[in-house]
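Visitor: need the 3D shape of this:
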Amino acid sequence: MGYSRINRKARRNRTVSRVRKETIKRLNSTPVIKKVDVEELKAAQ
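Guide: Residues are numbered from 1 along each chain as shown. Purely as a prediction, here's the structure:
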């Protein structure tokens with residue numbers, strides 16, 4: 001009986017760590033939004 005519980009716990013631990021890795025990857029992949037000064041761009045042209 002204890003065997004299936006250990007398996008389930010191991011599976012849950014793996015899933016939790018995988019989700020954590022995925023979220024970190026996703027957050028790191030999003031580009032940083034920079035504040036663009038429109039007036040400065042117009043003046044440069």
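Visitor: for Arg18, pull up the helix or strand it's in.
Guide: Assigned by DSSP states H and E, Arg18 falls within helix 2-29.
Visitor: off-centre distance for that helix?
Guide: Distance of helix 2-29 from the chain centroid (CA atoms, centre = their mean, to the nearest Å) equals 14 Å.
Visitor: what's the next secondary structure element after that helix?
Guide: Downstream of helix 2-29, the first helix or strand assigned by DSSP H and E is helix 38-44.
Visitor: show me what that next one is packed up against.
Guide: Helices and strands touching helix 38-44, by 3 or more CB pairs under 8 Å, 6 or more residues apart in numbering; DSSP states H and E: there are none. The way it works is simple: take the backbone N, C-alpha and C, and place the C-beta from them, glycine included.
Visitor: mind listing what's buried along the helix holding Arg18?
Guide: When neighbours are counted by 16 or more other CB atoms under 10 Å, no buried residue of helix 2-29 is found.
Visitor: can you list the low-confidence ranges for this structure?
Guide: Within the chain, the stretches with pLDDT under 70 are 1.
Visitor: residues in contact with Leu41?
Guide: Neighbour list for Leu41: empty [criterion: CB atoms under 8 Å, 6 or more residues apart in numbering].
Visitor: how close does Glu39 get to Gln45?
Guide: Going from Glu39 to Gln45 by CB to CB, to the nearest Å gives 11 Å.
Visitor: these two: which has the busier surroundings?
Guide: Between Glu39 and Gln45, counting by other CB atoms under 10 Å, Glu39 is the more crowded of the two (7 against 4).
Visitor: what residues are up against the residue nearest the centre of the chain?
Guide: The residue lying closest to the centre of the chain (CA atoms, centre = their mean) is Thr23, at 2.5 Å. With contact set as CB under 8 Å, 6+ apart, Thr23 has no partners.
Visitor: state the distance from it to Arg8.
Guide: Counting by CB to CB - Thr23 and Arg8 are separated by 23 Å.
Visitor: same question, Val16
Guide: Taken as CB to CB, the span from Val16 to Arg8 is 13 Å.
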